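>>> one predicted model, sequence on top.
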2 protein chains.
Amino acid sequence: MKDTYTLPAAADFHVHLRDGDVSKVVTPTIRFGGVDTVYVMPNLVPPVTTVSMALEYKKRLQNIDPSINYLMVLYLHESIDANVVRQAKKAGIVGIKSYPAGVTTNSSSGVISYEPFYPVFEAMQEEGLVLNLHGEVPSDGKDITVMNAEPKFLPTLQDLHRRFPRLRIVLEHTTTADAVEAVRSCGDTVVGTITAHHLSILVDDWAGNVFCYCKPVAKLPADRRALLDALVNSDGRFFLGTDSAPHDISAKKGKGNAAAGVFTQPYACQYVLSALEDAIERGDIKDEAVTEEVLGGFLGEWGRKFYGIAQSTQKIVLKKGSEVIAESIKGHGVEIVPFQQGKPTWTVEWQ
Amino acid sequence: MKDTYTLPAAADFHVHLRDGDVSKVVTPTIRFGGVDTVYVMPNLVPPVTTVSMALEYKKRLQNIDPSINYLMVLYLHESIDANVVRQAKKAGIVGIKSYPAGVTTNSSSGVISYEPFYPVFEAMQEEGLVLNLHGEVPSDGKDITVMNAEPKFLPTLQDLHRRFPRLRIVLEHTTTADAVEAVRSCGDTVVGTITAHHLSILVDDWAGNVFCYCKPVAKLPADRRALLDALVNSDGRFFLGTDSAPHDISAKKGKGNAAAGVFTQPYACQYVLSALEDAIERGDIKDEAVTEEVLGGFLGEWGRKFYGIAQSTQKIVLKKGSEVIAESIKGHGVEIVPFQQGKPTWTVEWQ
């Protein structure tokens, strides 16, 4: 790897910006991570289930930082029908996100069975809206745990692709070798996003560390190797979606269960570069595999192409190892601890 | 299961009582859990590596609660040789605990290779000291994680048993179906302890909850089923060792890694009864499998028999569901959060 890369501004195809005070702290950090375009998750409380809610949410975000391109997304919900899909398309909404009920933060309004949504998927296929899948099934205490919740979901991904072959589907935050293989087994309307932190951490890292705990959880070394391989041998099928998921420190540190989510927004590109350096050092990928084309593609070009969004005309310069990750980001009565706080990483400068 | 059981006082064959202020808070809670005999882990700072350290530690514990029978244990360390083994036997020390270097709390002085200790194991076999194994290998980022660290250790268990067939070996805090099978595959000089919390929790429970995080970590549903089966079909080969591991709340809640350990001392027997109730409800074990003989055996009789310690003449009465687990145990400037704080459980009374 080189010490400096000049690349088009990055796009982050999976972000949680929240609302209210948290959004005021998080949204201004998007550019720190080298990102000018974000795909905004709709799991607010209540969830973003209507076109007007999405457009109002977009306005609130634009009021915080108007320089960012916010791609808006609806929350798949029983109130959404083919008519809503057509309205959404006209209003410039890009996709609809499916959360299986109960698997992660604010997913209680989520999907129990996909079959009732087939007419919605049919309309999305016709209108060109993207279906974003949180690819996990709920734990059952019998067989399914956080460790195999994603592999157990993959038959559903493959079934939906078979039923709606022209529907563009994103398997969000891919974490397992099985999931990488499942995406590759589908046609090119199916792609996967990969987070920065899953390129770096394993089950050991979230054992006892709530700031590395997210859903889906980080898995095993062979899974991490598969994600790194998917990045460098992507063919445009895998690209960055950080799933940056901010929570106030009070939701992370208590006697009960910590909220799931790793906060990576301010260092989106930096973490990816650091993870690749570490992977080369471990021997998981070859140094020569990390080309400028791969970096530019994974960090934005491939995702923009899949979503049919114009490539960025802005440039960022990534420089090796001169920045230290903040201990926490504070403001508006909120304190959020970023992933790998206190560790050195790369620097992003805007050209 | 019945609503009331009258049983001999329990014995807990794996406890961390710590030293100083923490020991003053924890030691008085031993009896609350229905226990009159404890097998005391030696991983203090510095570790208990000499006979005099063990005897002084025992005196400090007796000063806190003289009514408990403290079985003392040395920490396997390069300073221990056959001579120390003979001294230990004369001084009434019962066993020697092996910690692989770096796998859990205060294990930095632990074992890297077992071969240098073969003369020590030979002497232990002759003198009748018990070898207690923390059965995990360190994670390596390539293949070994907290999820398979125990199965990867089992060839070492089997190798040590083959080399020293008369040496009594305890595989401590057994957490996997593989480990249960490995213990059963050995001769009857090899047994396993099982904690109360591993009868209850899975990987999902410590995901995001530092108070359920311990080493070895809780595993998968099939592993929990194997532990429950080992309890009810023990043949005396599996018995209770809670691995109660108190940490001040400050070591559990921070920005970095939480200390590994689940605190179960005050409710040792209660947790086991609650776990069995839950297992019956899930269908993991049959109600009729939980006999008074099984309960009395697992909670003390089988362990005392294996260790050659007199059976207890004291009796405890376990009553169903009338107690609520404390939110925390405080004193001497220390606050310790027990496992499943705030939940209802069984009650122990001394007859």
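Yes, it's here.
>>> isn't A:Arg86 right up against A:Met124?
No - in this structure A:Arg86 lies outside contact range of A:Met124 using C-beta atoms under 8 Å: 9.9 Å. (Glycine included, C-beta is placed from N, CA and C.)
>>> who has more neighbours, the two?
A:Met124 (27 against 16; other C-beta atoms under 10 Å in any protein chain shown).
>>> how far away from the center of its chain is stretch A:124-134?
16 Å (C-alpha atoms, centre = their mean, to the nearest Å).
>>> give me the buried positions along that stretch.
Neighbour counts over stretch A:124-134 (16 or more other C-beta atoms under 10 Å in any protein chain shown) mark A:Met124, A:Gln125, A:Leu129, A:Val130, A:Leu131, A:Asn132, A:Leu133, A:His134 as buried.
>>> next helix or strand past the helix or strand containing the second one?
Under the criterion DSSP states H and E, the helix or strand holding A:Gln125 is helix A:118-127. Toward the C-terminus, helix A:118-127 is succeeded by strand A:130-133 as the next helix or strand (DSSP H and E).
>>> tell me what the following helix or strand past that next one is packed against?
Sequence order places helix A:154-163 as the next helix or strand after strand A:130-133, per DSSP H and E. On a contact count with 3 or more C-beta pairs under 8 Å, 6 or more residues apart in numbering or on different chains; DSSP states H and E, helix A:154-163 meets helix A:118-127, strand A:130-133, strand A:169-171, helix A:177-185.
>>> who's the closest residue to A:Leu131 other than its chain neighbours bridged to?
Nearest residue to A:Leu131, sequence neighbours excluded (C-beta to C-beta, 6 or more residues apart in numbering or on different chains): A:Ile169, at 4.9 Å. With DSSP bridges as the criterion, A:Ile169 is bridged to A:Leu131, A:Val190.
>>> wait, A:Ile169 touches A:Leu129, no?
No - contact between A:Ile169 and A:Leu129 fails when scored by C-beta under 8 Å: they sit 10.8 Å apart.
>>> so which strand or helix has A:Tyr5?
strand A:4-8.
>>> next helix or strand past that strand?
Counting by DSSP H and E, the next helix or strand C-terminal to strand A:4-8 is strand A:10-15.
>>> how distant is that next one from the center of its chain?
With C-alpha atoms, centre = their mean, you get 7 Å for strand A:10-15.
>>> kindly report the same for stretch A:250-258.
23 Å.
>>> ok, stretch A:288-306 next?
16 Å.
>>> and that stretch, average pLDDT?
Mean pLDDT, computed over stretch A:288-306, is 98.
>>> check stretch A:41-59 too.
97.
>>> so which residues make contact with that stretch?
Contact partners of stretch A:41-59, identified using C-beta atoms under 8 Å, 6 or more residues apart in numbering or on different chains, comprise A:14-19, A:40, A:70, A:72-75, A:77, A:79-80, A:84, A:87-88, A:91, A:93, A:97, A:99, A:104-107, A:109.
>>> among these, which are located in helices?
A:Val84, A:Gln87, A:Ala88 (DSSP state H).
>>> now a ChimeraX select for only the buried ones of the residues you listed.
The buried residues among the ones in helices among the contacts of stretch A:41-59 can be selected in ChimeraX (16+ other C-beta under 10 Å) with this line:
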select /A:84,88
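>>> including pLDDT and distance to chain B, could the ones in helices among the contacts of stretch A:41-59 go into TSV?
Compiled in TSV, the ones in helices among the contacts of stretch A:41-59 are given as follows (pLDDT from 0 to 100; distance: C-beta to the nearest C-beta, whole Å):
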residue	pLDDT	distance to chain B
A:Val84	98	34
A:Gln87	98	37
A:Ala88	98	33
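>>> ok and the residue in the stretch 101-250 of chain A nearest chain B?
Taking C-beta to the nearest C-beta, chain B has its nearest neighbour within the stretch 101-250 of chain A at A:Gly208, 4.0 Å off.
>>> just to be sure, that residue is in a helix?
No - checked against DSSP: H, G, I helix; E, B strand; the rest coil, A:Gly208 lies outside a helix; its state is coil.
>>> that one: neighbour count?
A:Gly208, neighbours per other C-beta under 10 Å, totals 24.
>>> assess the claim that it and B:Ala259 are in contact.
Yes - the pair A:Gly208 and B:Ala259 qualifies as a contact (C-beta under 8 Å) at a distance of 7.5 Å.
>>> need the three-state assignment for the closest residue to chain B within the stretch 251-351 of chain A.
Closest approach between the stretch 251-351 of chain A and chain B, counting by C-beta to the nearest C-beta: A:Ala258, at 4.1 Å. Under three-state DSSP, the three-state class of A:Ala258 is coil.
>>> was I right to think it contacts B:Phe211?
No - at 10.5 Å, A:Ala258 and B:Phe211 do not qualify as touching, with contact defined as C-beta under 8 Å.
>>> so those two - more neighbours on which side?
Shown here are A:Ala258 and B:Phe211; by other C-beta under 10 Å, B:Phe211 has more neighbours (26 against 20).
>>> help me confirm that that one is found in a strand?
No - applying three-state DSSP, one finds B:Phe211 to be helix, outside a strand.
>>> how much space separates A:Leu129 from A:Lys97?
11 Å (C-beta to C-beta, to the nearest Å).
>>> also A:Trp346?
Remark: distance between A:Trp346 and A:Lys97 (C-beta to C-beta) = 30 Å.
>>> run a quick neighbour tally on the residue lying closest to A:Gln341 once chain neighbours are set aside.
Closest residue to A:Gln341 apart from its sequence neighbours, by C-beta to C-beta, 6+ apart: A:Glu327 at 5.0 Å. A:Glu327: 12 surrounding residues under other C-beta under 10 Å.
>>> next one: A:Asp12
Around A:Asp12 there are 32 residues (other C-beta under 10 Å).
>>> what's near enough to touch the nearest residue to A:Ala10 once chain neighbours are set aside?
Counting by C-beta to C-beta, 6+ apart, A:Ala10 lies nearest to A:Leu299, which is 4.1 Å off, once chain neighbours are set aside. With contacts defined as C-beta under 8 Å, 6+ apart, A:Leu299 is in contact with A:Leu7, A:Ala10, A:Ala11, A:Gly34, A:Phe239, A:Leu240, A:Cys269, A:Val272.
>>> dihedrals phi and psi, the residue lying closest to the first one once chain neighbours are set aside?
Put plainly, it is A:Leu7. What sits nearest to A:Leu7 in space, not counting adjacent residues and going by C-beta to C-beta, 6+ apart, is A:Gly296, at 4.7 Å. The phi/psi pair for A:Gly296 (degrees, to the nearest 10) reads phi -60, psi -40.
>>> A:Gly296 and A:Ala9 touch, don't they?
No - assessed by C-beta under 8 Å, A:Gly296 is found out of contact with A:Ala9, at 10.3 Å.
>>> what's the spacing between stretch A:246-258 and its chain's center?
The mean C-alpha position of stretch A:246-258 is separated from the chain mean by 21 Å, C-alpha atoms, centre = their mean.
>>> not counting it itself, show me its contacts.
Contacts with stretch A:246-258, where a contact means C-beta under 8 Å, 6+ apart, come from A:16, A:18, A:22, A:25-26, A:105, A:210-211, A:213, A:259, A:261, A:263, A:265, A:328, A:334-337, B:208-211, B:253-254, B:327-328, B:337, B:341.
>>> kindly check the end-to-end length of that stretch for me.
End-to-end distance for stretch A:246-258, by C-alpha to C-alpha, to the nearest Å: 12 Å.
>>> what residues of it count as buried?
Buried, per 16+ other C-beta under 10 Å, within stretch A:246-258: A:Pro246, A:His247, A:Asp248, A:Ile249, A:Ala251, A:Lys252, A:Lys253, A:Asn257, A:Ala258.
>>> neighbour-wise, which of A:Gly296 and A:Ala9 wins?
Taking other C-beta under 10 Å, A:Gly296 and A:Ala9 do not tie; A:Ala9 has more neighbours (22 against 17).
>>> what does the stretch 1-150 of chain A have sitting close to chain B?
Within the stretch 1-150 of chain A, the positions adjacent to chain B are A:Ser139, A:Gly141, A:Lys142, A:Asp143, A:Thr145, A:Val146, A:Met147 by C-beta under 8 Å from any C-beta of the partner chain.
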